[in-house]
Structure formats: structure tokens, C-alpha cells
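Visitor: Give me the fold of what follows.
(one chain, ligands or ions: 1)
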Amino acid sequence: MNRKILFFINPVSGTKSKMDLEKKIIQKCESNNISFEILFTSKEGNYNFLHDKTRDDGVTDIAIAGGDGSIRHIVSSVLNANVNVGIIPLGSGNGLARTAGIPNSVDKAIDIIFAGKSKCTDAFLINNKLSVHVSGLGFDAKVAHDFSEGKTRGLHAYTKIAIKNFLSAKTYPFTIEADEKKINLDAFFISIANSNQFGNNFKVAPEASICDGLLDIVVLQKTNKTQAVLSFAQQIISGKVHHFSKAELQKKNILYFQTNKLKIENPGLAPLHIDGDPAETSKEFSIEILPSAYKLIQP
Ligand SMILES: Nc1ncnc2c1ncn2[C@@H]1O[C@H](COP(=O)(O)OP(=O)(O)OP(=O)(O)O)[C@@H](O)[C@H]1O
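Guide: Below is the predicted model of the structure:
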């Protein structure tokens, strides 16, 4: 079947220059005899037109040059369309691309898209909104909200905002219900991970896989800040999944378990991010995996 690749470029994502990207895409597609079109992402992230466009124009693949937020917005609109999704990792963290083993080099990423080996990949719903990567409540969401208001993107800007927020970080009360158990706790954050990392190889959920039909849930419970940093560092280096139980809750600062669905009560209205973009929070969340939700091109 002849392929037609629809490229999307996010002009503001990450920090790498995208000056020559259009030229490179044109050159590579022409020399490989692949038909293509190039569009730009929009601030509003509404791609509802894609369902009809992919069908009417015979689009076989959508390639996204940007970060996890752009991927989420675009994948949301093509869940039921018969297209492959490719990534040219040009975001700030590129967490999903890194989890999938897609290299940062633009040339290599385009070659992988041309090779076209797609695998069914999970996503999840959080109060009926799609997430493809990592979403969360509490500290990391506060950082995402502040990051989105800043003028600069990239790892450096993100780290500065994270450190500033850590000094004033507080805990929130949550009730988590999963696997027929219900636990009340106070926590700095709850991460709901499909990818294994926030981005930049910062692996919040080291055992996560994007095609296992499971969500990895990581909760940093209330403790003093020195202990919180040490426990979190240990989680990143060697975190291992354990059971979701009151016994684990009492002995560990970090709760790390896997499930296919859960409910979270959030009476303190901890802020929410979905795939790194700030989102409106709620007192209750219903979260569930969508196994094999779309086809992601991977090496
Ligand atoms: N044309 C545009 N003008 C302004 N903002 C845009 C435009 N296109 C997309 N955006 C914004 O870009 C954000 C998504 O950025 P994206 O996730 O691609 O990169 P990133 O945040 O730098 O990287 P990562 O998600 O990997 O950390 C969304 O908030 C969206 O509103």
C-alpha cells in the first residue's frame, strides 16, 4: 500500500531549533518517494478535523515533531482512524518517545517512521480525557502549571521551576481505590504512568511498559523533605512494583503498584496535569487503561 505521511510540527515545543526541519522532511520524503503533507500544531490543540482528513486524503501515517502534549492532542483525534503514529522527539522531555526507544536524532527518528514498524500501544482515560504518557496530581502538576506560564521551555527551565516549587511543596489528602481496596493517605504527588518516565530519562515508574495493559501508580507520601528526596531518588534508581495494600502504605514512603483502573478522591483539589500540560482538577477521578489504543511506530 502506498503511504502518505501527514507531518505535524509544533513550532514552540522544546528548545531545539526547527529552522531546517521542514526542508529536511521535504528532502527525505522526496528522496524516498513518499507522499507527504506538513501542517503546524495549534495552541488550542483541536484536531477534530483529522478523522475526516485521514480518510479523505488516504493518510496512512501521522508523524508528530514535538513533545508529549502534542502527541496526546493529535492521538486523541485519531484513536479510531486506521493510521500509524510516529514521533520526531522535539519536546522538552520526550518521555513517551524515550520509553518507546525512539532516538532524539531527527534523521534517525524520520528513518524509523519510514521503516513503519508499528506496535499497538496503550493509552488511558482520566475523567474521560485521553493521556498517552504520564499524568499526575499534586507537586508535578503544580510544576506543569508554572512551566506552561513561563516564557522558556526545555529541561533547564523545568528544573528551575521544580526546585522553586519543592521549597514550598505541600501534601494533599487523597483516597485511592484500586483492586477492591481503599486507602486514605497524604501525599506530595500521585503519578499515573503509562510511560516509564516524566521525560529526560527521569524514570518515575521504572517498571512501566506502554504495551502491558497496566498503569503504574507512584505515590510519594507525606514525610520530611529530606526523606522525600531520598525516597524519590531511590524510586528513580531502583523502584520495584509492590502490592497496593495498607501494609505497604505503612512501611514505605513511596507506594508503587500496577492496576488497570482506579479511583482517586481529591478533596484538597490538588492540581492536575495530563501528559505535562496543566489541566482542570476535580474532587474525583476515574482512571482506566485503554489497552492497544493506537498504533505507535517504534524502532
Ligand atoms: N502553534 C502553537 N503556538 C503556540 N503554542 C502551541 C502551538 N502548538 C502547540 N502549542 C502548545 O504546545 C504545548 C505542547 O507542547 P509539547 O508537549 O509538544 O512540547 P513540550 O511541552 O516542550 O515537550 P514535552 O511534552 O515533551 O515536555 C501545548 O500546550 C500547546 O498549547
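Visitor: For the helix or strand bottoming out on mean pLDDT in the chain, give me every contacting residue.
Guide: Ranked by mean pLDDT, DSSP states H and E, the weakest helix or strand in the chain is helix 155-167, scoring a mean of 81. For helix 155-167, the surrounding residues in contact (Cβ atoms under 8 Å, 6 or more residues apart in numbering) are 15, 92-93, 139, 142-143, 146-147, 150, 199-200, 225. Where you see a C-beta, it was placed from the backbone N, CA and C, and this is true even at glycine.
Visitor: pull the CA atoms of whichever helix or strand comes after it into CSV?
Guide: Next along the chain after helix 155-167, taking DSSP states H and E as the criterion, comes strand 172-178. Extracted C-alpha coordinates of strand 172-178, given in CSV (Å, rounded to 0.1, in the frame of the first residue of the first chain):
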residue,chain,number,x,y,z
TYR,A,172,-2.7,16.8,49.8
PRO,A,173,-5.2,14.4,51.2
PHE,A,174,-6.2,11.6,48.8
THR,A,175,-8.3,8.4,48.9
ILE,A,176,-7.2,5.8,46.3
GLU,A,177,-9.4,2.9,45.4
ALA,A,178,-8.0,0.1,43.3
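Visitor: Show me what strand 172-178 is packed up against.
Guide: If contacts are counted by 3 or more Cβ pairs under 8 Å, 6 or more residues apart in numbering; DSSP states H and E, strand 172-178 sits against strand 134-138, strand 181-193, strand 215-221, strand 261-265.
Visitor: Please convert these to JSON lines, extending it with mean neighbour count.
Guide: Shown next, in JSON lines, are the helices and strands packed on strand 172-178 (neighbours: other Cβ atoms under 10 Å):
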{"stretch": "strand 134-138", "mean neighbour count": "28"}
{"stretch": "strand 181-193", "mean neighbour count": "20"}
{"stretch": "strand 215-221", "mean neighbour count": "24"}
{"stretch": "strand 261-265", "mean neighbour count": "18"}
